[in-house]
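> got a predicted model here, sequence first, then my questions.
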Amino acid sequence: MGILGQMSILEVIGAIVIIFTSFYLIFKPPQITSGKETANLFVISRDFLQTLDNINHTYFLFTNMTYSDEFSGYVLRNLGYAVFFSTKNLIKPNIIVAANCSTNQIRKLYSWFGELKFNRREVSIYFIPSNLSKIPDYSNLLIICDYKNLTDYRDSLLTYLSKGKGILGFFDFPSEVDKTSIEIFGLEPTQEVVVTEEVMVHSPVSVYDHVYIPYKYFYNLPLMIKANETNPTTGNYLGYFTFRNYVVMFEINSTSREVKFYTTPETRVRERENFRLFGYNFTLSYVTNYSISVSFKKTYNFTDFTGPNRVKTVDEDQNKIFLYSGIYNDGKKVPVSTINTTRVAWIANFDRYDTATHDQKLALLSLILTVSEKVNYYGTFTRRTILVPFVDVENYDVLEIYFASFGLGLPY
């Protein structure tokens with residue numbers, strides 16, 4: 001969000017606080033008993049929440065920590081209440097990924113996903129080195145970049161999952177796999193052979209299917225693509241959009257917020273417009289001076305990035321398969337990426353030859369957001385905090401339905 005947008009939001013919050021402060025000073029209630037005090041806190045919390053909802057600012061409060069801090073400071077200074085809220089099923093503004101990966105792999109993950117923008121908000125993903133015996137409690141997700149025998153780490157991994165965290169495997173399975181890896185990821189090697197040149201996205205039958213969440217993210221979430229060169233003639237930034245076997249140069253005109261893709265004939269697109277390249281559909285979601293954010297639209301197929309050894313789901317549940325490359329002789333899909341419960345996912349190592357493309361990166365990002373922890377707490381919960389529960393929805397880029405509890409409390 002730009003600076004002007006931030007200032008307008010803070011000005012609105014300031015106006016809300018002034019109004020409530022005025023009412024409070026004019027109609028200041030007398031000293032009341034504990035029961036009435038509780039009811040009073042509930043009413044004020046509800047009215048604050050209703051006002052934020054009326055001006056469509058609740059989502060910003062729960063997803064922008066700067067905004068939350070300003071709001072909390074205004075309320076505490078002017079009305080003397082401590083602000084507290086919690087959210088569930090909402091992508092965090094800062095995601096901490098414990099990365100059991102090499103230094104080079106972590107560097108790549110940062111370059112791919114360090115900055116995101118969707119639903120008109122910014123999200124940062126931090127990748128911190130981690131071993132498997134002691135995974136940082138403050139992390140929201142563990143990513144394992146290379147296959148490892150997990151036998152000695154079973155207890156720590158299951159404990160991590162029991163805390164609501166997620167585990168993501170980003171590797172190729174060997175021909176022989178340890179029992180703990182089979183248990184965690186729900187996959188085992190197979191000798192069946194299928195020849196294919198495409199990787200397809202498995203379409204869920206309903207929202208209850210395991211693959212619905214990564215499917216939803218893949219087809220709606222904008223992936224930020226940074227420009228890394230400058231056009232010496234125009235001074236505009238240049239970058240490259242890669243998908244399948246295509247490499248398409250683009251140039252950003254920051255003044256008109258228009259992007260030119262160097263195709264024949266050239267393709268010119270403005271922010272929030274749909275466009276088509278080589279038979280595939282996209283949306284230009286956001287444009288900055290140095291980056292574009294692109295979302296993929298149905299129907300999309302990848303070039304095959306299946307690993308050297310094929311796997312199959314242990315329980316033969318086809319609804320756990322997110323990406324697949326063909327069909328086995330028994331009619332079962334060949335997994336390239338899977339979801340094993342809502343907390344565990346796996347995808348084959350598409351970057352094994354340092355050839356990762358943006359479509360593949362978006363598939364990995366969809367899994368990161370799917371299995372990452374989505375419970376967040378903000379503020380100070382005092383013994384007199386009264387919470388008002390509610391449900392909210394945001395759908396500017398990608399649908400987010402989340403649960404929240406908001407309340408004010410006396411800081412003493």
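That came through, no problem. Numbers count the residues shown, from 1 in each chain.

> any idea which residue is closest to the centre of this structure?
Central residue check for the chain by C-alpha atoms, centre = their mean: the C-alpha nearest the mean position is that of residue 369, 3.7 Å away.

> you'd agree it is in a helix?
Yes: membership of residue 369 in a helix is supported by DSSP: H, G, I helix; E, B strand; the rest coil.

> pretty sure it contacts residue 91?
Yes: under the criterion of C-beta atoms under 8 Å, residue 369 makes contact with residue 91 at 5.8 Å. In short, each C-beta sits where N, CA and C put it, glycine included.

> how many neighbours does the closest residue in space to residue 200 that isn't next to it in sequence have?
In this structure, residue 200 finds its nearest non-sequential neighbour in residue 301, 5.4 Å apart by C-beta to C-beta, 6 or more residues apart in numbering. For residue 301, the count of nearby residues is 15 (other C-beta atoms under 10 Å).

> just confirm residue 228 contacts residue 249, I think it does.
No: counting by C-beta under 8 Å, residue 228 stays clear of residue 249, with 11.0 Å between them.

> any shared contact partners between these two?
238-240 (C-beta atoms under 8 Å, 6 or more residues apart in numbering).

> residues in a beta bridge with residue 123, which ones?
residue 116 (DSSP bridges).

> and it, how close does it get to residue 92?
Per C-beta to C-beta, to the nearest Å, residue 123 is found 7 Å from residue 92.

> now residue 327
38 Å.

> more neighbours: which of the two?
residue 92 (19 against 12).

> show me where the stretch 151-300 of the chain has helices.
Assigned by DSSP state H, counting those that start in this stretch, the stretch 151-300 of the chain shows helices spanning 154-162, 179-185, 212-218.

> want to try TSV for the ones you listed, with distance to residue 285 as columns?
Below are the helices of the stretch 151-300 of the chain laid out as TSV (distance: least, C-beta to C-beta, whole Å):
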stretch	distance to residue 285
helix 154-162	33
helix 179-185	32
helix 212-218	13
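
> pick the most deeply packed of those helices.
helix 212-218 (a mean of 22; mean count of other C-beta atoms under 10 Å).

> that one packs against which elements?
Contact analysis of helix 212-218 by 3 or more C-beta pairs under 8 Å, 6 or more residues apart in numbering; DSSP states H and E lists strand 333-340, helix 358-371 as its packing neighbours.

> domain-wise, how is the protein divided?
With automatic domain parsing as the criterion, the domains of the chain are listed as 3-88+377-409, 94-200+303-371, 223-296.

> which of those domains sits closest to residue 217?
Nearest of those to residue 217, taken as C-beta to C-beta: domain 94-200+303-371 at 3.9 Å.

> so where's the stretch 1-150 of the chain uncertain?
Confidence mapping of the stretch 1-150 of the chain against pLDDT under 70 gives the ranges 1-34.

> can you map out the helices along it?
Using DSSP H, counting those that start in this stretch, helices in the stretch 1-150 of the chain cover 3-26, 34-54, 58-63, 65-79, 103-113.

> pull the fourth one out as PDB, backbone CA atoms only.
Okay, so that is helix 65-79. Coordinates of each C-alpha in helix 65-79 appear next as PDB, following Å, rounded to 0.1, in the frame of the first residue of the first chain:
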ATOM      1  CA  MET A  65       1.000  -4.300  11.800                       C
ATOM      2  CA  THR A  66       1.900  -0.700  11.300                       C
ATOM      3  CA  TYR A  67      -1.700   0.100  11.100                       C
ATOM      4  CA  SER A  68      -2.500  -2.000  14.100                       C
ATOM      5  CA  ASP A  69       0.200  -0.300  16.200                       C
ATOM      6  CA  GLU A  70      -1.100   3.200  15.200                       C
ATOM      7  CA  PHE A  71      -4.700   2.100  16.000                       C
ATOM      8  CA  SER A  72      -3.700   0.600  19.400                       C
ATOM      9  CA  GLY A  73      -1.700   3.700  20.300                       C
ATOM     10  CA  TYR A  74      -4.600   6.000  19.500                       C
ATOM     11  CA  VAL A  75      -7.000   4.000  21.500                       C
ATOM     12  CA  LEU A  76      -4.700   3.600  24.500                       C
ATOM     13  CA  ARG A  77      -3.600   7.200  24.600                       C
ATOM     14  CA  ASN A  78      -7.100   8.700  24.100                       C
ATOM     15  CA  LEU A  79      -9.400   6.200  25.800                       C
END
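
> flag every buried residue along that helix.
67-68, 70-72, 74-76 (16 or more other C-beta atoms under 10 Å).

> ok, residue 181 touching residue 153?
No: assessed by C-beta under 8 Å, residue 181 is found out of contact with residue 153, at 9.9 Å.

> one step back: which one's more surrounded, residue 228 and residue 249?
residue 249 (15 against 11).

> hey, what's that one bridged with?
Going by DSSP bridges, residue 249 forms beta bridges with residue 240.

> return the residues in contact with it.
By C-beta under 8 Å, 6+ apart, the neighbours of residue 249 are 238-241, 261-262.

> again, only this time at 7 Å
238, 240, 262 (C-beta atoms under 7 Å, 6 or more residues apart in numbering).

> closest one of the residues you listed to residue 166?
Closest to residue 166, out of all of the contacts of residue 249 and judged by C-beta to C-beta, is residue 240, at 30.8 Å.

> per-residue confidence at that closest one?
Residue 240 is assigned a predicted lDDT (pLDDT) of 98.

> check the burial of it by counting its neighbours.
Neighbour tally, residue 240, other C-beta under 10 Å: 16.

> does it really touch residue 247, like I thought?
Yes: in this structure residue 240 lies within contact range of residue 247 using C-beta atoms under 7 Å: 5.6 Å.

> spell out the residue ranges of the strands in the stretch 251-400 of the chain.
258-261, 267-270, 273-277, 280-287, 291-296, 301-303, 311-313, 321-327, 333-340, 344-347, 375-379, 386-394, 400-409 (DSSP state E, counting those that start in this stretch).

> name the residues that touch the fifth one?
By C-beta under 7 Å, 6+ apart, the list of residues contacting strand 291-296 from outside reads 117, 218-227, 241, 250, 252, 259, 282-286, 359, 362, 397.

> redo that, cut-off 8 Å
115, 117-118, 218-227, 239, 241, 243, 250, 252, 259, 280-287, 358-359, 362, 397.
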